[in-house]
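Participant: Fold the stuff below for me.
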Amino acid sequence: MNDLTESLRTLMAHQKGIVPLAWSGERHDINRDLSTLPPEEVRAMKRKFRKMWRAEARNAIPAKTKSGKRFAARYKEQLGLGAENPTKTHKRYRKAAVFRRLSIDTKHMLDKISGRDVKASP
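Facilitator: Alright, predicted model coming up:
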């Protein structure tokens, strides 16, 4: 991934009100980034992140067929939708879902900037 794409994804995360997600080989501790902010901002960012992954869980997979419904249910289970105490795996899948959404939105933005035909967002 090039620097422009990474910069746009970071900008988009800021625009959506969440901590920019780093997705590289090393682990990135989001809590360390959040500890530098005031509590009100941290609360707002966490709420926006929750909103994003829940929207992704609802909208990412069309469940029109029987197999699509099973796949959507499995995806929601992976994200821990409705789980009282999410596991580390649930949290990792949630981060990946939000990162995926930011990557798709960034790609659409790049296509729009470059003048390529942009399809509707999934």
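
Participant: and the longest helix for this protein?
Facilitator: For the chain, the helix that runs over the most residues, judged by DSSP state H, is helix 88-114.

Participant: tell me how far it is from the chain's mean position?
Facilitator: Relative to the chain's own centre, helix 88-114 is displaced by 5 Å; criterion: Cα atoms, centre = their mean, to the nearest Å.

Participant: Give the buried residues for it.
Facilitator: 90, 93-99, 101-103, 105-106, 109 (16 or more other Cβ atoms under 10 Å). (Glycine included, C-beta is placed from N, CA and C.)

Participant: what mean pLDDT does that helix have?
Facilitator: Averaged across helix 88-114, the pLDDT comes to 87.

Participant: How about stretch 2-18?
Facilitator: Mean pLDDT, computed over stretch 2-18, is 83.

Participant: List the buried residues in that stretch.
Facilitator: Going by neighbour count (16+ other Cβ under 10 Å), the buried part of stretch 2-18 is 8-10, 12-13, 16, 18.

Participant: how close does the most centrally placed residue in the chain get to residue 15?
Facilitator: In the chain, the centroid-proximal residue (Cα atoms, centre = their mean) is residue 98; its distance is 0.6 Å. Taking Cβ to Cβ, to the nearest Å as the measure, residue 98 falls 14 Å from residue 15.

Participant: Likewise for residue 52?
Facilitator: Remark: distance between residue 52 and residue 15 (Cβ to Cβ) = 12 Å.

Participant: Same check on residue 7?
Facilitator: 12 Å.

Participant: Would you mind pulling the contact partners of stretch 39-48?
Facilitator: Outside of stretch 39-48, the residues that reach it under the criterion Cβ atoms under 8 Å, 6 or more residues apart in numbering are 16-19, 34, 37.
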